[in-house]
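In: structure for the following, please:
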Amino acid sequence: MGDSIYVCDAEPPIKQLLCKKAFDGLTAMEKLYAGHIAAASWSGALMCLFQTSPESPAVFEMFWRCFQFLSQPDKDDRIKELPEGSADVFAYAAAFFGNLGNYRSFGDTKILPRCTLDTMEKVLTQCAKFSNVSSAFVSLWEACSKQIFSNSKRNLELGLGEEGTSTYFSSNCTKTDAESIQKFLDENKISAYNTRLFKTDGEKPRYEVQVAAAQHASKEYDTDFGTVVVKQGDMAPIMAKVVSSLQAAAKASANDTQRDMLDLYVQCFTTGDINAHVDGSRKWIQDKGPAVESYIGFIESYQDPFGTRGEWEGFCAVVNKTTSARFQALVDSAEELLTHLPWPAAFEKDEFKRPDFTSLEVLAFGSSGIPAGINIPNYDDVRQNEGFKNVSLGNVLASAYKPEPGKKVTFLRADDYDLFGRLVTESFEVQVGLHELLGHGSGKNFMGETSIVGVADPLQPAGATVSSFYADGETWDSKFSDIASTYEECRAECVGIYLCVQEAALKIFGHEGQAGEDIMYVNWLSMCRAGVLALMFYNPETNKWGQAHMQARYVILRCLLEAGEGLLSLVKNSEGETSVHLARDKIRSVGVPAIGKLLLRLQVYKSTADLDAGSKMYLAYSQVDDAMATLRQEVIDRREPRKLFVQPHLAVGADGDVSLHEFAPTPVGLIESFLERYGPADIDMLRPLWEAEKHHHTLYPTERV
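Out: Below you'll find the model as predicted:
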């Protein structure tokens, strides 16, 4: 596979995350609370560098130091003096900062520079002179330049062992090691969410389960496969900064629930005890309708190739009360809409815990990427027994998902351009609402043997009962591990398109009659198109998918193609371009039953912890045959660059005054946002940390082939 899909875009589209109006509507105390939460979120986001690749922390430090001159009034004159190729260097740096590492947060593929190594060195050498950091640059360049440009097979994608790169693990860890440690963690009721795994080879291997915490502690275990040391204190300086900001936020909190929540987060990030974060999440659920919404911690497991470790994520946002009213109406209708899902009542939660569902204007999102919607917390017992919250990120939707007027939309018929362009954002809002609330928020997992007594199995002949369940210590993530994320996203996506045909659901979002039918059609059409575009994220050399949501959408595409009866076809025009042909009049009669059958299987296998049947079905739909492999090349040839976000910075003054600083939607503007977001003390933390662990990552190749 060539480098074309890895090379940084020459002119990456960059969108501003607009939120000034929402910020200006906050009180002084609410602004202060938001400012400290934002600071904690971004401090912790430095962890993402250490959860990606060995070189990412050094590259981050190098760019931050070299580009300091961009903070000076004469920056425009200095930029003009840079050697040829500077635009490509700025574009690469913007992509790096926008993904908090040199791998794409959406797709898990390496970002290779468009320029040569010599060009980047010349440009950065001059930048370093302008910024008076020449000696520091030489040292940092020597530490990371070869890794930046390496296109060796193992370096091109995130993965475990020989299949890719991941600093969730030392470079000598294998999937067998990950499985052994996961079994150990489950048996000892230790969560993997806030950990990394480093192995030292020897006659008796030594495994260090590194737990993110501000304080240091350790406990050693002797097992039949080696010595295991559970070691708190990973990224201690970073976690200490997070703790400090959260303690400051607690002083500006709106109520006792928020203070209790933050105190528990502080306890977790200080000691590494994930149970404190679980309890903090319980408090967070109880904090209904806050003016400033937030969540923080090790949350989503998309980037862990084994699927059980959470990436750092922290955000603060302002509630959009007008849009949130629609989502609350969806919550009010949830129990009735749940009855339309295709599984028996025994597979649904005993009681639907009515959650907060709000539309948010994001002020800060400290992680490697920004989603359109979130359903959290991810702790099974909390979600099933106590509830959850849903959020839709309104200013993300508005910035990222609207096509340019009059622009040709790839893989669609010309007849669909106008309707798709007008309604794709509105239809996606419907999909996000249904996906988050009734997708991730639905279904029950059977925990323990007593939970399945007398439960009929809807996939077996009449009279057959469920025979499998989650054993003590097992969770959805630990049981289904590397397919858990994509499988669950597929289930939620299926719920979204399955329920969007319901007039009651469409009406909640203000779409009735023909307008509702158009929204429903565009939502299904968008899902089918996304299934085609998903092929971009499949690697035929490793037979691996690089993005959980896109694999899910491909599975749905395969299901709908399999349904037949003229529902869906992929047709080439006279110019050899493929387009999606979806029969609007067959969505309800053919499409809905097909998705219903898939949904039932997805839910039953998940509920019953049936990994064998679930993975066999899911991976079968994930297969890319010869025809799809040919289509994949067309997807690559016609691909469009993914948007980057430039976020504002919330600056907390010594007097407690908080100001919002915005930046231009350009590569330079995105870089400037990170220069302002982090200070010298933040950057000085990085080198001791990455140097201390570099001996764990020596097996990654550095050559360019």
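
In: can I assume Ala213 is in contact with Ile238?
Out: No - judged on Cβ atoms under 8 Å, Ala213 makes no contact with Ile238 at a distance of 10.4 Å. Using the backbone N, CA and C atoms, a C-beta is placed for each residue, glycine as well.

In: for the stretch 601-705 of the chain, what spans make up the strands?
Out: Remark: strands assigned in the stretch 601-705 of the chain by DSSP state E, counting those that start in this stretch are 644-646, 649-652, 658-661.

In: the closest residue to Glu163 other than its chain neighbours in helix, strand or coil?
Out: Nearest non-adjacent residue to Glu163, counting by Cβ to Cβ, 6 or more residues apart in numbering: Thr542, 5.8 Å away. Three-state assignment for Thr542 (DSSP: H, G, I helix; E, B strand; the rest coil): coil.

In: how close does Thr542 get to Ala236?
Out: 35 Å (Cβ to Cβ, to the nearest Å).

In: ok, now Gly433?
Out: According to Cβ to Cβ, Gly433 and Ala236 sit 40 Å apart.

In: run through who's touching stretch 459-473.
Out: 186-187, 189, 445-449, 451-452, 454-457, 476, 479, 600-601, 604, 607-610 (Cβ atoms under 8 Å, 6 or more residues apart in numbering).

In: the stretch 51-200 of the chain: helices as residue ranges?
Out: Taking DSSP state H, counting those that start in this stretch to define them, one finds helices in the stretch 51-200 of the chain at 56-66, 75-81, 86-99, 117-130, 134-149, 175-187.

In: ok so, going back, quick one, phi psi at the residue nearest to Glu163?
Out: phi -110, psi -10 (degrees, to the nearest 10).

In: contacting residues around it?
Out: 157, 159, 163-164.

In: filter those down to the buried ones, ChimeraX style.
Out: Per 16 or more other Cβ atoms under 10 Å, the buried members of those correspond to this ChimeraX selection:
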select :157,159,163,164
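
In: now tabulate the contacts of Thr542 in JSON lines and tack on pLDDT and distance to His661.
Out: Formatted as JSON lines, these follow (pLDDT from 0 to 100; distance: Cβ to Cβ, whole Å):
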{"residue": "Glu157", "pLDDT": "94", "distance to His661": "35"}
{"residue": "Gly159", "pLDDT": "94", "distance to His661": "38"}
{"residue": "Glu163", "pLDDT": "91", "distance to His661": "41"}
{"residue": "Gly164", "pLDDT": "94", "distance to His661": "37"}
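
In: please work out how many residues are found near Lys407.
Out: Counted with other Cβ atoms under 10 Å, residues neighbouring Lys407 total 10.

In: and it, what pLDDT?
Out: For Lys407, the model assigns a pLDDT of 73.

In: picking that back up, how about the contacts of Thr542, which pair is most distant?
Out: Taking Cβ to Cβ, the two most distant members of the contacts of Thr542 are Glu157 and Glu163; they sit 7.6 Å apart.

In: joint contacts of those two?
Out: 542, 544.

In: and the lowest-mean-pLDDT helix or strand in the chain, what's buried?
Out: Lowest by mean pLDDT, DSSP states H and E among the helices and strands of the chain is helix 394-400, with a mean of 81. Of the residues in helix 394-400, 394-397, 399-400 count as buried by neighbour count, 16+ other Cβ under 10 Å.

In: swap in stretch 637-650?
Out: 642, 644-650.

In: then it to PDB, C-alphas only?
Out: Only the C-alpha atoms of stretch 637-650 are listed here, as PDB (Å, rounded to 0.1, in the frame of the first residue of the first chain):
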ATOM      1  CA  ASP A 637      -8.600   8.300  -5.300                       C
ATOM      2  CA  ARG A 638     -11.600  10.500  -4.600                       C
ATOM      3  CA  ARG A 639     -10.900  11.100  -0.900                       C
ATOM      4  CA  GLU A 640     -11.300  14.600   0.600                       C
ATOM      5  CA  PRO A 641      -9.300  15.900   3.500                       C
ATOM      6  CA  ARG A 642     -10.800  15.600   7.000                       C
ATOM      7  CA  LYS A 643     -11.500  18.900   8.800                       C
ATOM      8  CA  LEU A 644      -9.400  20.100  11.700                       C
ATOM      9  CA  PHE A 645     -10.700  22.300  14.500                       C
ATOM     10  CA  VAL A 646      -9.000  25.300  15.900                       C
ATOM     11  CA  GLN A 647     -10.400  25.800  19.400                       C
ATOM     12  CA  PRO A 648     -10.400  28.900  21.500                       C
ATOM     13  CA  HIS A 649      -8.300  29.300  24.700                       C
ATOM     14  CA  LEU A 650      -9.800  30.200  28.100                       C
END
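
In: no further queries at this time; thank you.
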